Every structure is written in C-alpha cells, then in structure tokens.
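Undergrad: Okay, structure incoming, though there's no sequence with it:
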C-alpha cells in the first residue's frame, strides 16, 4: 500500500532528491512466538483483535533514533482520540529529523501503547480500516513542506496558509457564458496580487470562517 502511493508525484521527487527517506516497518518482524503473533482478543470481550503493546513497544524501540531529542524526533500514534491533523501540524512535523507514524488496524491498539508515544493524531471524525491511509495522507502533507521539495514560495499561496486559496483560471478565456475575470488578463501584477489576496480572504470568510476564528497559521 505505502510503496504504491509514494512511487509517484511530489513525494517521489523528494525521495529522489534525497530530501526525505521512507522506511516501512512490518510489525510481524516483532511478533511473538513461532507464528509471529502481533494481536490478540481484547480483555472483557468484544469483536476484533487488538495490537499487542509489547509488540508495538519493541518496534518503537528498534526504530527510535536514540541520538535525537523530542525537538527533532516525534512518535505519533494515529488514533481517533488524537488532535485533528491540519496544515499547522503538517508544518510543525516537516521540521523534524525523524517522524514515526504508528498505524493501527481493525480494532486498534492496546491502550497502554500511549505511554510510549509522544502524541496522538486523528485525520478527522471518521473511521478507516487501519492507519495506513491516514499515514499516507500525513506523509504527503508533511513531505511537500520540506524545504526543496517544491519551488520556493509555492506553499505560501496555498489553502490554509493561512486562508483558502484564491480561485484560478486557464484557457479558454470564455467557456459558454463563463469568462475569466478581466483583472487576471490585465498584466498588472500588483493589482492581480491584491485581487488574489482579497479573493482568498473572501472565500475563507464565506466557506470556512472557522479558520479565521482559530487563527490557522
């Protein structure tokens, strides 16, 4: 799953430029006994299987960089009880030297694993089968913010930086009764920039006023 999504586009270019290195850790490598068991039934009953705390702890200990401090390394558990991931968090994580994303599956983790991570992250108020797709989402959002991945200044014009991005147009100038705004055809870069900034703010006020209230940066 991971290798397929990271073999193309911006993430792939960042890997090729050696701006980032991806490592995929298989929990089976840390499984218990001859059958490499990584999960078990929950105490108290219930459906599904729970990832074992001892397996997860062994995996974390193996891949944690002992030389890095919390300032440069973070272990994040992907969990619905975590803080919701956003652009501000993506920017924060992009400055780390080492980021470990711990993915659950089906019923999730033994609660005790939370004692061995630095934070919990949720990608939204919905449930996925496992943490793999949320991990891909977070990785993509973080990698594109690493210096050198995109052209300088690009991310400053995108949505959530801090507002929603202004509307954009391309050829044809007229399609049916829909026209490209005249200001964008004027060649006056100062006026175009002012228009874009105004549109960005207006879009945010209309569609996502909560971003203004929260002060997303």
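TA: Nice, thanks for sending it over. Just so we're clear, the structure is a prediction, and the values are computed from it rather than from any experiment.

Undergrad: all contacts plus neighbour counts: C-alpha atoms, from now on.
TA: Fine.

Undergrad: what's the nearest residue to residue 99 once chain neighbours are set aside in contact with, if anything?
TA: Of all residues not flanking residue 99 in the chain, residue 74 sits nearest, at 5.1 Å (CA to CA, 6 or more residues apart in numbering). Taking CA atoms under 8 Å, 6 or more residues apart in numbering as the definition of contact, the neighbours of residue 74 are 96, 98-100, 117-119.

Undergrad: Can you list the buried residues in the helix or strand hosting residue 74?
TA: Element membership for residue 74, per DSSP states H and E: strand 73-84. By neighbour count, and taking 16 or more other CA atoms under 10 Å as the criterion, the buried residues in strand 73-84 are 73-80.

Undergrad: Which other helices and strands does the following helix or strand past that strand contact?
TA: Using DSSP H and E, the next helix or strand after strand 73-84 towards the C-terminus is helix 87-94. The criterion is 3 or more CA pairs under 8 Å, 6 or more residues apart in numbering; DSSP states H and E, and the helices and strands that helix 87-94 contacts are helix 132-143.

Undergrad: Show me just the buried residues among the contacts of residue 74.
TA: 96, 98-100, 117.

Undergrad: What about these, which are in strands?
TA: Those of these mapping onto strands are 98-100, per DSSP state E.

Undergrad: need the contact list for residue 183.
TA: If a contact means CA under 8 Å, 6+ apart, then residue 183 has 191-192, 195 as its contacts.

Undergrad: hang on, the earlier thing: average pLDDT across the strand holding residue 74?
TA: When the per-residue pLDDT values of strand 73-84 are averaged, the result is 96.

Undergrad: Now do it: distance to the chain's middle.
TA: Taking the mean C-alpha point of strand 73-84 and that of its whole chain, the gap between them comes to 11 Å (CA atoms, centre = their mean, to the nearest Å).

Undergrad: Mind listing the strands it pairs with, and their directions?
TA: Here strand 73-84 is paired, per DSSP bridges, with strand 98-102 (parallel), strand 119-122 (parallel).
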